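J.: coordinates only, sequence not included:
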């Protein structure tokens, strides 16, 4: 009888081991403690991969998202560098060349890194333009602040009180799991997520799997997203009525997976808290329609 029970217990443990592993990872592993992070913040910012272009009086700061790097903005930089000073950086762990490091900063810490980077520019005010996770991080500037006087968010808005689409829940969780796995398995899961779960052509018809980087070292933002959800430690988004920064929201219309709610977009315009521009293309429309996008940004900057 004891042998049977032992075998049953062993089978249960084997079956449940992946679940137990994920529970342990989400519950008992975490980023650098805040006190240590604060001490290392200057060094972290100093070691960011950065590029500076132009020497105009006004400064534009470009922030990319997953799975990109500062090179995402090449076509925008080429257009704006004659009239503006431009600063851009690659999020920790997103460098094109793998330096072997595996940053593990949570959402709050990444926002502090961005704040420190902007402060280090020694400009009275800057305009932030941000895409994907960069837009999620930069959404902190929607509320009137001392660092950013204009804000442009690309393709990532808010769902407000609406329930997130099922596909968004599935792919973000899969990428969160990819972070917890050994690297070769995480890479396969990240690639599978883009190809089979998210279906990249539904996100941007101008992209293929071959265009994307599947390296799981870049999926830590999704781990922190789900860690905050599962531990009920999420930060409430700024309400539209509290938006105090001149705000432009741009998104591509040619996609099946959406990263904002139409109700949020409608309320944003009804309350006159921001301008919305819809352009051809999918999630990476700034690359597929650069001339149109650059002109729309320029017109908005000139009018604000």
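T.: That came through fine. None of these values were measured; they are calculated from a predicted model.

J.: and the spatially most central residue of the chain, how far is that from residue 105?
T.: In the chain, the centroid-proximal residue (Cα atoms, centre = their mean) is residue 133; its distance is 0.7 Å. Shown here: residue 133 relative to residue 105, a distance of 12 Å by Cβ to Cβ, to the nearest Å. Bear in mind the C-beta positions are built from the backbone N, C-alpha and C, glycine included.

J.: same deal with residue 58?
T.: 29 Å.

J.: residue 216 too?
T.: Using Cβ to Cβ, which is the criterion applied here, residue 216 is 16 Å from residue 105.

J.: equivalent analysis for residue 226, please.
T.: To residue 105, residue 226 is 15 Å away according to Cβ to Cβ.

J.: host element of residue 38?
T.: Element membership for residue 38 (DSSP states H and E) is helix 34-46.

J.: for that helix, packing partners?
T.: For helix 34-46, the elements it packs on are helix 107-120, judged by 3 or more Cβ pairs under 8 Å, 6 or more residues apart in numbering; DSSP states H and E.

J.: packing partners of the helix it packs on?
T.: Helices and strands touching helix 107-120, by 3+ Cβ pairs under 8 Å, 6+ apart, are helix 34-46, strand 59-63, helix 133-138, helix 220-230.

J.: show me what counts as buried in it.
T.: Under the neighbour-count criterion of 16 or more other Cβ atoms under 10 Å, helix 107-120 has 107, 108, 109, 110, 111, 112, 113, 114, 115, 117, 118 buried.

J.: show me what stretch 118-136 is in contact with.
T.: Stretch 118-136 has contacts (Cβ atoms under 8 Å, 6 or more residues apart in numbering) with 45, 58-66, 68, 72-73, 76, 85, 87, 91, 107, 137-138, 141, 147-157, 221, 283-284, 286, 297, 301.

J.: mind redoing it with 7 Å?
T.: Residues from elsewhere that reach stretch 118-136, judged by Cβ atoms under 7 Å, 6 or more residues apart in numbering: 45, 58-66, 72, 87, 137-138, 141, 147-156, 221, 286, 301.

J.: how long is it from one end to the other?
T.: End-to-end distance for stretch 118-136, by Cα to Cα, to the nearest Å: 17 Å.

J.: again with stretch 210-217
T.: Note: stretch 210-217 ends 18 Å apart using Cα to Cα.

J.: for stretch 50-62, same thing?
T.: First-to-last distance for stretch 50-62 - Cα to Cα - comes to 11 Å.

J.: what average pLDDT does it get?
T.: Regarding stretch 50-62, the rounded mean pLDDT is 97.

J.: one more: stretch 216-226?
T.: Average pLDDT, stretch 216-226: 95.

J.: contact partners of that stretch?
T.: 26, 66-67, 93-94, 102-104, 106-107, 133, 172-173, 175-176, 178-181, 183, 186-187, 190.

J.: same question for stretch 48-63.
T.: Taking Cβ under 7 Å, 6+ apart as the rule, stretch 48-63 contacts 70, 73, 76-77, 80-90, 95, 114, 117-118, 121, 123, 126-130, 134, 137-138.
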